[in-house]
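S.K.: Fold the following.
(4 chains)
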Number of protein chains: 2
Amino acid sequence: MRISGLAAATGVSVATLKYYLREGLLPPGRATSRTQASYDDTHVSRVRLVRALTESAGLSLGAVRDVLAALDDPPASRHDLLGSAHRALVAAEGGVPSEDEEWDAARHRAVELVAERGWCDDPLLVDRLAEQLRAAGAAGVDLPGDYLRSLAAAADVVAAADLTTAGPEPEAALRQVVLGTLLTDPIVLTLRRMAQVRASQEASGV
Amino acid sequence: MRISGLAAATGVSVATLKYYLREGLLPPGRATSRTQASYDDTHVSRVRLVRALTESAGLSLGAVRDVLAALDDPPASRHDLLGSAHRALVAAEGGVPSEDEEWDAARHRAVELVAERGWCDDPLLVDRLAEQLRAAGAAGVDLPGDYLRSLAAAADVVAAADLTTAGPEPEAALRQVVLGTLLTDPIVLTLRRMAQVRASQEASGV
DNA sequence: GACATTGGAGACTAACACTCCCCAATAATG
DNA sequence: CATTATTGGGGAGTGTTAGTCTCCAATGTC
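M.R.: Purely as a prediction, here's the structure:
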């Protein structure tokens, strides 16, 4: 398959594919001559993956590059699997916290919630949570402790389901967890909207 | 308080505040002369809200403008409350679906899941879900029905909690639900990451 | 009265994700 | 074998977003 075939198979323009090649998001095809290369199914699925990650998961192309690099990295051991997965995920998103007194209070709340659940205390994740709590507070949105505990309980349900989708082979499991998480993040939020509408209709007696 | 005071209170540069004024994201201050205006606490919290919505919730300034406009709109009735809230939320995010055969299959899965839960069948939300399922499938990530059902169950838990934070007055409730949802979306995802790490440690016997 | 600050407005910038255009080399077609 | 289309490679240009910079005359402050 030549580049125009790849374009037809994925619905992405030739110009964009060339751009992805230049940016290293798509590996070069097998060169059959100086001005021709052939692409196969792996290229098709790579392109589809890039599109899903940018369009659905909302990642930037730079973040996609990082995720792809992490997936190509050997996961060392099954124990490190989720570790490297989360390094990829955290790197894919951003987050540099500021430092003031409101932030300290938010960070304290974050640590407390995590401790209560017996969750990991990865400082990257805790800092991010603290920053998000601070932002909500600064915007005048109050998040009671019981409310956050409900969110945490729901997160445990989701995480348990996430783990069941991972098979035993480290490489496939890494791929499944990283991509699955990134691609289901928007799904989780959409389901939340749907459930909200239903819950609100019930509450007003429809 | 003059504009430099507003800048100091919010940590946002004067140039950026002027930009927000121009863009209509921040109402003008009370003019005390031709070259001076005074700003109060409502301006401080408006700026903080804009920053939280862009930095934490990841909205574009255009989406922030739409959300703010929706919040200023009178919610008609308590019944329409979540309706207008969701119009604001859905508008704030985007999503125009494509039309092919994979999409039809994804749409069918979406309709089924929604029907099973007895959720609303707002076509905007269903279409969005279908598009997200299609993207995951195209990227080679398989989402079993049981897995989606688990996510849906968790969404119900979250939505029930969301509703408890809304008071009885329509205007305050609208604000709480819309902003609360937008600002807790990233929190939900962070909690998911944390719970995943814990669940994975448990699974590998740590 | 000297100096800083303000509102208002236009121009400029950097990052992002393409998109267009050109080239010489090659492939396909008649 | 001649003509036409397509390819890889790469530079330059585009539109959007979210600011940032510069300038002005009017005003506030010491």
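
S.K.: Could you use CA atoms for every contact and neighbour count after this?
M.R.: Fine.

S.K.: for chain A, what helix or strand is lowest in average pLDDT?
M.R.: Lowest mean confidence among the helices and strands of chain A (mean pLDDT, DSSP states H and E): helix A:78-92, at a mean of 60.

S.K.: and after that one, which helix or strand comes next?
M.R.: Using DSSP states H and E, the helix or strand that follows helix A:78-92 towards the C-terminus is helix A:101-117.

S.K.: tell me what that following helix is packed against?
M.R.: In terms of contacts (3 or more CA pairs under 8 Å, 6 or more residues apart in numbering or on different chains; DSSP states H and E), helix A:101-117 is packed against helix A:123-138, helix A:145-164.

S.K.: can you list these in JSON lines and add mean neighbour count and mean pLDDT?
M.R.: Shown next, in JSON lines, are these (neighbours: other CA atoms under 10 Å in any protein chain shown; pLDDT from 0 to 100):
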{"stretch": "helix A:123-138", "mean neighbour count": "22", "mean pLDDT": "91"}
{"stretch": "helix A:145-164", "mean neighbour count": "20", "mean pLDDT": "96"}
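
S.K.: now these as a markdown table including distance to DNA strand D?
M.R.: Output for those, formatted as a markdown table (distance: least, CA to the nearest atom of the strand, whole Å):
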| stretch | distance to DNA strand D |
| --- | --- |
| helix A:123-138 | 15 |
| helix A:145-164 | 28 |
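
S.K.: between those, which one is nearest to B:Y19?
M.R.: helix A:123-138 (20.8 Å; CA to CA).

S.K.: Can you show me the CA trace of that closest one as CSV?
M.R.: Listed next in CSV are the C-alpha coordinates belonging to helix A:123-138 (Å, rounded to 0.1, in the frame of the first residue of the first chain):
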residue,chain,number,x,y,z
PRO,A,123,3.5,12.9,44.7
LEU,A,124,2.8,13.6,41.0
LEU,A,125,-0.7,12.5,41.3
VAL,A,126,-1.3,14.0,44.8
ASP,A,127,0.1,17.3,43.6
ARG,A,128,-2.2,17.3,40.6
LEU,A,129,-5.2,16.5,42.8
ALA,A,130,-4.2,19.3,45.2
GLU,A,131,-4.0,21.7,42.3
GLN,A,132,-7.4,20.7,41.0
LEU,A,133,-9.0,21.1,44.5
ARG,A,134,-7.3,24.5,44.8
ALA,A,135,-8.7,25.6,41.5
ALA,A,136,-12.2,24.5,42.4
GLY,A,137,-12.0,26.3,45.7
ALA,A,138,-10.7,29.5,44.1
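
S.K.: and it, is it in reach of chain B?
M.R.: Yes - if you take CA under 8 Å from any CA of the partner chain as the test, helix A:123-138 does meet chain B, through A:125, A:128-129, A:132-133, A:135-136, A:138.

S.K.: B:E169: which of these is nearest?
M.R.: For the residues of helix A:123-138 next to chain B, with B:E169 as the reference and CA to CA as the criterion, the closest is A:A136, at 20.7 Å.

S.K.: for DNA strand D, what are the nearby residues on chain A?
M.R.: A:2-5, A:15, A:18, A:22, A:28-29, A:31, A:34-38 (CA under 7 Å from any atom of the strand).

S.K.: could you redo the last one with a cut-off of 10 Å?
M.R.: Proximity of chain A to DNA strand D (CA under 10 Å from any atom of the strand) is limited to residues A:1-8, A:14-19, A:21-23, A:27-39.

S.K.: which of these are close to chain B?
M.R.: Among the residues of chain A next to DNA strand D, no residue sits close to chain B (CA under 8 Å from any CA).

S.K.: Please, a PyMOL command that selects the buried ones among these?
M.R.: To isolate in PyMOL the members of the residues of chain A next to DNA strand D that are buried, counting by 16 or more other CA atoms under 10 Å in any protein chain shown, one can use:
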select buried, chain A and resi 3+6+7+17+29+38+39
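
S.K.: Between helix B:101-117 and the lengthiest helix in chain A, find me the angle.
M.R.: Counting by DSSP state H, the longest helix found in chain A is helix A:170-203. Here the directions of helix A:170-203 and helix B:101-117 differ by 50 degrees (axes from the mean of the first three to the mean of the last three CA atoms, to 10 degrees).
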